[in-house]
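Chemist: Give me the fold of what follows.
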Amino acid sequence: MAVDMEACMKAGTPAAHHKKLEPFVGTWKANVKHWMEPGTDPTESTGIMVNSWALGQRFLRQDYKSDPGGPPFEGAGYWGYNNVTGCYEGFWIDSMSTGFSTEIGSCDDAATCWTMTGELEFPVAGSVMQRRSVITIKDPDRHVMEMFMTSPGAPEFKVMEIEYTRA
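Modeler: Okay, here's the model as predicted:
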């Protein structure tokens, strides 16, 4: 029993992979571009993302709110590293959906680029779309999240790009 408890304690203790999320902590101005279909012009909006540590620095809590004057939008999520699976995991909920969006992935050795993948129930086509997000740290005060989608029988296309600048 002592060995099992030790393994559980180790699995629940933040470690080096958790610390790799530290550069995202803070308040960020967001410039958002969103494409509904390939080959179309994006819609653009702005907002504020506040990222903070939660539950003893095990998870990064994300709170987003669009700027006044733009389309009203709020979102929240959590992102962390699962010591048991050896993967980064995250989920997102927002005011334009009633479902949880989940992703799983990894980061490069330099901890400057995360690639996360997941699925999304697409209400228009009634199908499941594959989602891939790439989060790249450009410098200590700027990072970019790009989201790509693939629907059945179609090539992957970029649906969103958010450039975050430290406020």
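
Chemist: averaged over its residues, what pLDDT does the helix or strand in which V50 is found have?
Modeler: For V50, the host element (DSSP states H and E) is strand 43-54. The average pLDDT within strand 43-54 is 97.

Chemist: Okay, buried residues for the biggest helix by length in the chain please.
Modeler: If you go by DSSP state H, the chain has its longest helix at helix 2-11. The neighbour-count check on helix 2-11 (16 or more other C-beta atoms under 10 Å) flags nothing as buried. The C-beta positions use only the backbone N, C-alpha and C, and glycine is treated the same way.

Chemist: now do stretch 141-157
Modeler: 143, 145-149, 151.

Chemist: What is the burial count for P14?
Modeler: 17 (other C-beta atoms under 10 Å).

Chemist: and the closest residue in space to C113 that isn't next to it in sequence, what are its bridge partners?
Modeler: Distances taken as C-beta to C-beta, 6 or more residues apart in numbering place T136 nearest to C113, at 4.8 Å, with adjacent residues excluded. With DSSP bridges as the criterion, T136 is bridged to C113, V144.

Chemist: how close does T136 get to T115?
Modeler: Noted for T136: a distance of 10 Å to T115, by C-beta to C-beta, to the nearest Å.

Chemist: and what of E163?
Modeler: Counting by C-beta to C-beta, the gap from E163 to T115 is 18 Å.

Chemist: for S106, same thing?
Modeler: Applying C-beta to C-beta to S106 and T115 gives a distance of 6 Å.

Chemist: Please apply the same query to G126.
Modeler: 28 Å.

Chemist: same deal with W92?
Modeler: W92 is 16 Å from T115, by C-beta to C-beta.

Chemist: between the two, which one's more packed in?
Modeler: W92 (19 against 15).

Chemist: how about the helices in the chain?
Modeler: Under DSSP H, the chain gives helices at 2-11, 16-19.

Chemist: what would those look like in CSV with mean pLDDT?
Modeler: Converted to CSV, the helices of the chain look like this (pLDDT from 0 to 100):
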stretch, mean pLDDT
helix 2-11, 83
helix 16-19, 95
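
Chemist: Dump those to TSV, plus distance to L55.
Modeler: Compiled in TSV, the helices of the chain are given as follows (distance: least, C-beta to C-beta, whole Å):
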stretch	distance to L55
helix 2-11	14
helix 16-19	11
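
Chemist: Which one of those lies nearest to D41?
Modeler: helix 16-19 (38.5 Å; C-beta to C-beta).
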